[in-house]
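Asks: I would like to see how this sequence folds:
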Amino acid sequence: MTSTCKTLELSRPCSAAALSGIVGLVALVAAHLGIARAAEDTKVFEIAEYRYSVELPKGCRHDEGPGTLDAICSPDLDAEKSLAASAAVALVLEVGVEAVPADAGAPPAELAQRYSQTQFKEELAEAVCGESDRSKVKVDNAKQVLEAARVVYTAAVTCPEIKFLALGERRATVQFVIAPGLRYRLMARALVEDFERRKEAVDAFFASFRMMP
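Replies: Reported below is the predicted structural model:
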């Protein structure tokens, strides 16, 4: 079977190379449209004081405090619903920063000694779930990665249900970035049934985080 390439002048047989070029062009256009659409759906925050930038969905309520930036989002990322959404049950995307002047200039190996993977795991119950009993909190896939100038810790966390509040289990992804002089804590948390639905927004949040000079 022979495909036909149509131009303004005539119709002619379409070669495999031409078909490949057309498919590639369509894929490229689709990719650019996807990037443009994603940019329209997010807002860039640049926090000069703590030297980072991050993108958060526009359909969320954005709360800023000393060293913190939160997006509280309704499950469907509806801006009006997000205004009244409770952080306990909403999708929460959070950045917290702590200045640690004593760590300034320290190489990654030294940073990892000053803030270890054990310390990271011990903080998760309280920091992510607000739970003082660490035995009630499930931590999976805890990892430490030493990069060129920083240490990155990641983990998946499951917070227990709180029956008297009728609050079901919540799932979270956590990333702590230990850099010379600054410690960043990134978290995405939602009810278990909502977390996978919003995986695209969660992944985009972590991928957008950048440290600035």
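Asks: in the protein, which spans are helices?
Replies: Remark: helices assigned in the chain by DSSP state H are 16-41, 79-83, 108-114, 117-124, 192-195, 199-208.
Asks: Any idea which of those helices has the lowest pLDDT on average?
Replies: The weakest mean pLDDT among those belongs to helix 16-41, with a mean of 44.
Asks: isn't Asp103 right up against Pro180?
Replies: Yes: taking C-beta atoms under 8 Å as the definition, Asp103 is a contact partner of Pro180 at 5.6 Å. Where C-beta positions appear, they are placed from N, C-alpha and C, glycine not excepted.
Asks: which residues are common contacts for these two?
Replies: Between them, Asp103 and Pro180 have Leu111 as joint contacts when contacts are counted by C-beta atoms under 8 Å, 6 or more residues apart in numbering.
Asks: List the residues that contact Val174.
Replies: 124, 127-128, 153-157, 185-187.
Asks: buried subset of those residues?
Replies: Applying a neighbour-count criterion of 16 or more other C-beta atoms under 10 Å, the buried members of the contacts of Val174 are 124, 127-128, 153-155, 157, 185-187.
Asks: where does this structure have low pLDDT?
Replies: 1-40 (pLDDT under 70).
Asks: now the strands: where do they sit in it?
Replies: Listed in chain order, the strands of the chain (DSSP state E) span residues 4-6, 11-13, 42-47, 52-57, 60-65, 68-73, 91-99, 138-146, 151-159, 170-179, 182-191, 210-211.
Asks: Quick one: closest of those to Glu200.
Replies: strand 52-57 (9.9 Å; C-beta to C-beta).
Asks: tell me which residues in the closest one are buried?
Replies: Residues of strand 52-57 classed as buried by neighbour count (16+ other C-beta under 10 Å): 52, 54-57.
Asks: Using PDB, write down the CA coordinates of that strand.
Replies: Coordinates of the C-alpha atoms in strand 52-57 are reproduced here as PDB (Å, rounded to 0.1, in the frame of the first residue of the first chain):
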ATOM      1  CA  TYR A  52      14.800  28.600  45.400                       C
ATOM      2  CA  SER A  53      12.000  28.600  42.900                       C
ATOM      3  CA  VAL A  54       9.100  26.200  42.500                       C
ATOM      4  CA  GLU A  55       5.900  25.900  40.500                       C
ATOM      5  CA  LEU A  56       2.600  25.300  42.100                       C
ATOM      6  CA  PRO A  57      -0.900  24.700  40.600                       C
END
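Asks: Excluding chain neighbours, give the residue nearest to Ala109 in space.
Replies: Computed as C-beta to C-beta, 6 or more residues apart in numbering, the closest residue to Ala109 that is not its neighbour in sequence is Leu146, at 6.6 Å.
Asks: Across the sheet, point out what pairs with that neighbour.
Replies: Going by DSSP bridges, Leu146 is paired in beta bridges with Val151.
Asks: ok, it - contacts?
Replies: With contact set as C-beta under 8 Å, 6+ apart, Leu146 has these partners: 108-109, 112.
Asks: These into JSON lines, with extra columns for neighbour count and distance to Lys138?
Replies: Listed next are the contacts of Leu146 as JSON lines, based on neighbours: other C-beta atoms under 10 Å; distance: C-beta to C-beta, whole Å:
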{"residue": "Pro108", "neighbour count": "18", "distance to Lys138": "28"}
{"residue": "Ala109", "neighbour count": "9", "distance to Lys138": "30"}
{"residue": "Ala112", "neighbour count": "18", "distance to Lys138": "24"}
